[in-house]
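Asker: What would the 3D arrangement of this be:
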Amino acid sequence: MDEADREIRNRTYALFVELGRAPTAEEVGPGTHEAWRRLHDQHAVVLDAHGELLMANPFSAVPTRYRVRVDGRDWYGNCAWDAIGICAALHADGRIETTCPDCEELIAFAIRNERPDVESLLFHCLVPAAHWWDDIVFT
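Answerer: Next comes the predicted model:
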């Protein structure tokens, strides 16, 4: 990744946090679409079929079942792991809400001082980590 692409990536993340949503390429600045394509190819961001931002891990550009509330603002993670990662990325405590994919029961817990307040929860990955990028949206 060259310095120009790194700058676009950093500005993308900064705007994601500032705006509370995924920024558009126009908001990030000139050359963003091309940089995002290269960053996508390097697994640094994920684009949708139209070349717009879908994921800037741990943030999702679209609502998901993994909602994170931090300082009165809502964010969406791409998965349970990313939901926890949002609190880490923002260096803040937060509350995570999701539902069990099997029974749809609400699962809610807080992250306080970098730790979940419920230690009995398990994170389960159906796809081995070596294959996550085979289809990162499914994973």
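Asker: Quick one: the helices in this structure, in order.
Answerer: Remark: helices assigned in the chain by DSSP state H are 3-19, 25-28, 32-41, 80-90.
Asker: export those helices to TSV and tack on mean neighbour count, distance to Asp135 and mean pLDDT?
Answerer: Using the backbone N, CA and C atoms, a C-beta is placed for each residue, glycine as well. Shown next, in TSV, are these (neighbours: other CB atoms under 10 Å; distance: least, CB to CB, whole Å; pLDDT from 0 to 100):
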stretch	mean neighbour count	distance to Asp135	mean pLDDT
helix 3-19	16	22	95
helix 25-28	15	24	96
helix 32-41	18	14	96
helix 80-90	20	16	95
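Asker: export the ones you listed to TSV and tack on distance to Leu106?
Answerer: Below are these laid out as TSV (distance: least, CB to CB, whole Å):
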stretch	distance to Leu106
helix 3-19	26
helix 25-28	34
helix 32-41	34
helix 80-90	14
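Asker: Minimum distance to Asp134: which of those has it?
Answerer: The closest approach between Asp134 and any of these, judged by CB to CB, belongs to helix 32-41 at 14.8 Å.
Asker: What helices and strands are in contact with the closest one?
Answerer: Contacts defined by 3 or more CB pairs under 8 Å, 6 or more residues apart in numbering; DSSP states H and E place helix 32-41 against helix 3-19, helix 25-28, strand 46-47.
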